[in-house]
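# Need coordinates for the following:
(one chain, ligands or ions: 1)
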Amino acid sequence: MGKVMGVNAVFHDPAAALVVDGVTVAAAEEERFTRRKHGKPAVPFSTWELPEQAMAFCLAHTDLEPAELDAVAYSYDPDLAVQADGDVTADDWEGLRTLYARRAPLFLSTSLPGLDPRKFRWVPHHVAHASSATFASGFDPCDVLVVDGRGERASHLAGHFADGKLEVLAAQALPHSLGLLYEDLTAHLGFHRSSDEYKVMALASFGEPSFLDVLRQLVRVDGRGGFEVGDVQLGRLAPAARAGEAFERAQAGLAASVQRRVEEVLLELAAWVQSRTGNRDLVMAGGVALNCVANSRLWREGPHRRIWVQPAAGDAGTALGAAMHVANELGDKVQPMQSAALGRGWDDEALEACLRRAAVPFKRPDDVAATVAEALARNEIVAWFQGRAEFGPRALGHRSLLADPRDPSNLERLNDVKGREQFRPVAPMVLDERAAEVFDGPLPSPFMLFTHRVRDGWAERIPAVVHVDRTARVQTVSREAEPLVARMLSRFEALTSVPVVVNTSFNTAGRPMVDDPRDALECFGSSPVDLLAIGPFVVRRSSAGNVAASAQVAA
Ligand SMILES: [Fe+2]
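Numbers count the residues shown, from 1 in each chain. I've put the predicted structure just below:
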């Protein structure tokens, strides 16, 4: 029986996770505390920085001291990386990254005083990604695909998982990387590299894959479970875009072409691994596994019956995977991940104290779910802050902005609230038992990692959540796992006959999702949101203005 803390620090999305006796009890990304999106830049100079606040949260949540940990699992193995024996400034500072990773136990002993340095364990980056999907899914046996930007020296892993053991069948060495190709495209289109890839995915559906033939020549599977990425000169296919400018046809076409080619390669990689193992289930992690359009194509056209994707598929999830991997090595039976709600939470008393401290007028309705459903049915926008924060990039009904899907203008309204591009879709949440009637795709889909086709007759009823290609990125809600969200959805359906609510993350553009009550109040205070539902309490925008005025008068 062990207490294992997982740490991701090497590239971006620093995060910590805690697995106690095989059960995941806490996981959080550092960005939610520091309010700096992705935590830090993925440059060698920042490798030493640890997710100090996320680690502290994991310990405080379980009332543990660093000395009580049985292991700290670090999701990168410097022995597998470029070595820093000579000049650490050579090779794009890769040696410095390796040096810093090697010194991680030293940095950790400073951040976690009392930690026994012998408890430190390095876990290969892609083994950590793989473990975040295999153990967390509960699928055993299964195939596993990690498709990433990069790890120590590889960008991908294909494996067979059975009886808690991972057998690596293929690993593609750098520089060939589907993740880095997608990152290059993201930067070429004027977005932030290793941050805004989902915007490229959304843009791709507006374009024709006019460069697909070129990409098929340059990006090819090798027949041994890996692939080659040739010299894709993006600038020769479409001009670089500047941030904030409208996209040209060629740029949307380039996005569509790369997206389509990545989907095709993933299908071939999945077929290769499945032909060797005969497994019916596939689990996935790595940044590319956040590409829900590709995931859905794998589900529709690939050889696997079920696909499970780690909701924190990016590098944050390696903190959890590393912890699960080491917990398994220590002999614990690692339990599947039941929910992504692994971050911070506050009880009613603490929330009430926050609201009083902020001098904000609030009410405690009989049932906050009913009050919110009524507000949504009146076409109000609601900020929804409930329970523990989500681990991973998706809002799953704990830190969400909600709206009525029947009004097509709510897409524009929400994008305005968040200050983000108008081509970005917003997503629907739907009760488990109603999902199949409205959406066609893999169900249940509790983590929003697949796109679904909106069934005929429904697209017109829920226009705000239907993307240009008539798909939607659905979150299904189970009454057992999410009783409050489920009740809100039921009440909304009772009022409107529509079992779907718009759900997007509770944040504004370029900022991490809100995490603590102060973030929620700040975001609510600065955005045209009508109602904040925070725990059992509600705050109304109009009365917030009145109180600010009356407070001034009183002063
Ligand atoms: Fe990674």
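
# Give the helix, strand or coil label for the residue of the stretch 451-555 of the chain found nearest the ion.
In the stretch 451-555 of the chain, the residue that lies nearest the ion is P512 (18.8 Å; C-beta to the ion). Using the backbone N, CA and C atoms, a C-beta is placed for each residue, glycine as well. Here P512 is recorded as coil under DSSP: H, G, I helix; E, B strand; the rest coil.

# where's A322 relative to E268, distance?
According to C-beta to C-beta, to the nearest Å, A322 stands 29 Å off from E268.

# These two: who's more crowded?
The neighbour count for A322 versus E268, taken as other C-beta atoms under 10 Å, is higher for A322 (33 against 16).

# What backbone torsions are found at that one?
Here is the backbone geometry of A322 (degrees, to the nearest 10): phi -60, psi -40.

# quick one, what contacts E197?
Y182, E183, T186, F191, G287, L290, N291 (C-beta atoms under 8 Å, 6 or more residues apart in numbering).

# Between the residues you listed, which sits nearest the ion?
G287 (6.1 Å).

# The closest one: neighbouring residues, count only.
Using other C-beta under 10 Å as the criterion, the residues surrounding G287 number 27.

# L157 now?
There are 26 residues near L157, going by other C-beta under 10 Å.

# how much space between it and A271?
16 Å.

# same question, P512
In this view, P512 and A271 are 37 Å apart by C-beta to C-beta.

# Which of those two has more residues huddled nearby?
Set P512 next to A271 and count neighbours by other C-beta under 10 Å: P512 wins out with 21 against 15.

# Relative to G164, how far out is the more buried one?
Counting by C-beta to C-beta - P512 and G164 are separated by 34 Å.

# Shouldn't L402 be within a helix?
No: applying three-state DSSP, one finds L402 to be strand, outside a helix.

# near the ion, which residues of the stretch 1-150 of the chain show up?
D148 (C-beta under 5 Å from the ion).

# how close does the residue in the stretch 1-150 of the chain that the ion sits nearest to get to P113?
Per C-beta to the ion, D148 is where the stretch 1-150 of the chain lies closest to the ion, at 4.2 Å. Here the criterion is C-beta to C-beta. By it, D148 lies 33 Å from P113.

# Neighbour count: the two, which is higher?
Taking other C-beta under 10 Å, D148 and P113 do not tie; D148 has more neighbours (27 against 10).

# can you pull out the strands in the stretch 151-300 of the chain?
156-162, 165-170, 219-221, 227-229, 281-285 (DSSP state E, counting those that start in this stretch).

# Name the surrounding residues that touch the third one.
In other words, strand 219-221. 178, 181, 227-230, 232, 261-262, 265, 268-269, 272.

# returning to what we had before: ok, and the most crowded of the contacts of E197?
N291 (30 neighbours).

# returning to what we had before: contacting residues around the residue of the stretch 451-555 of the chain closest to the ion?
So P512 contacts E29, E31, R32, R35, R36, K37 (C-beta under 8 Å, 6+ apart).

# do the same with T371
Neighbouring residues of T371 by C-beta under 8 Å, 6+ apart: P365, L531, A533, V538.

# per-residue pLDDT, the residue of the stretch 451-555 of the chain closest to the ion?
With respect to pLDDT, P512 scores 94.

# Spatially, which residue comes closest to it, not counting chain neighbours?
Leaving aside its sequence neighbours, P512 sits nearest to E31 (C-beta to C-beta, 6 or more residues apart in numbering; 4.2 Å).

# and what of E208?
G253 (5.4 Å).

# ok, now L443?
Once flanking residues are discounted, L443 sits nearest to A435: 5.1 Å by C-beta to C-beta, 6+ apart.

# List just the nearest of the contacts of E197 to D92.
E183 (15.0 Å; C-beta to C-beta).

# any idea how far the residue minimising distance to the centre of the chain is from the ion?
Geometric centre of the chain, nearest residue: P393, 2.8 Å, by C-alpha atoms, centre = their mean. Going from P393 to the ion by C-beta to the ion, to the nearest Å gives 14 Å.

# I'd like the numbering to begin with 496 instead of 1 from here.
Noted, 496 is the first residue going forward, which turns the last one into P888.

# Return the per-residue confidence for that residue.
The model's pLDDT for P888 equals 93.

# so it sits right up against C787, yeah?
No: with contact defined as C-beta atoms under 8 Å, P888 does not count as touching C787 (11.2 Å).

# The ion contacts on the stretch 796-945 of the chain?
So far as C-beta under 5 Å from the ion goes, the stretch 796-945 of the chain lies against the ion at D810.

# Swap in 8 Å and give it another go.
Residues of the stretch 796-945 of the chain found near the ion (C-beta under 8 Å from the ion) are G809, D810, T813.

# Return the member of those nearest to D843.
Nearest member of these to D843, counting by C-beta to C-beta, is G809, at 32.6 Å.

# list the contacts for the closest one?
D508, G781, G782, L785, G887, P888.

# For the stretch 746-895 of the chain, which residue gets nearest to the ion?
D810 (4.4 Å).

# Double-check that residue against H507; I have them as touching.
Yes: using C-beta under 8 Å, D810 is in contact with H507, at 6.0 Å.

# okay, those two: which has more neighbours?
D810 (32 against 26).

# how close does the closest residue to that one other than its chain neighbours get to F552?
What sits nearest to D810 in space, not counting adjacent residues and going by C-beta to C-beta, 6+ apart, is D508, at 4.3 Å. As judged by C-beta to C-beta, D508 and F552 stand 16 Å apart.

# quick one: which of these two has more around it?
D508 (27 against 23).

# Doesn't the more buried one lie inside a helix?
No: counting by three-state DSSP, one finds D508 to be coil, located in no helix.

# mind listing what it touches?
E524, E525, E526, H533, G534, G809, D810, A811.

# where's the dip in pLDDT among these?
For these, the pLDDT minimum is G534, 85.

# Mind putting the strands of the stretch 646-795 of the chain into a markdown table with distance to D964 and mean pLDDT?
Compiled in a markdown table, these are given as follows (distance: least, C-beta to C-beta, whole Å; pLDDT from 0 to 100):
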| stretch | distance to D964 | mean pLDDT |
| --- | --- | --- |
| strand 651-657 | 27 | 98 |
| strand 660-665 | 32 | 98 |
| strand 714-716 | 22 | 97 |
| strand 722-724 | 26 | 97 |
| strand 776-780 | 22 | 98 |
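
# Comparing the ones you listed, which comes out most buried?
Highest mean neighbour count among the strands of the stretch 646-795 of the chain (mean count of other C-beta atoms under 10 Å): strand 776-780, with a mean of 28.

# quick check: angle from it to strand 651-657?
140 degrees (axes from the mean of the first three to the mean of the last three C-alpha atoms, to 10 degrees).

# Strand 776-780: how far from the chain's middle?
Here strand 776-780 shows a centroid-to-chain-centroid distance of 15 Å under the convention C-alpha atoms, centre = their mean, to the nearest Å.

# which helices and strands sit right next to that strand?
When contacts are defined as 3 or more C-beta pairs under 8 Å, 6 or more residues apart in numbering; DSSP states H and E, strand 776-780 packs onto helix 620-632, strand 637-642, helix 744-772, strand 801-804.

# For the last one, which strands pair with it and how are they oriented?
Looking back up the chat, that one is strand 801-804. Here strand 801-804 has these sheet partners by DSSP bridges: strand 776-780 (parallel).

# related to what we said a few turns ago, any chance of the helices and strands packed on strand 776-780 in TSV, plus mean pLDDT and distance to P939?
Below are those laid out as TSV (pLDDT from 0 to 100; distance: least, C-beta to C-beta, whole Å):
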stretch	mean pLDDT	distance to P939
helix 620-632	98	13
strand 637-642	98	18
helix 744-772	96	21
strand 801-804	98	11
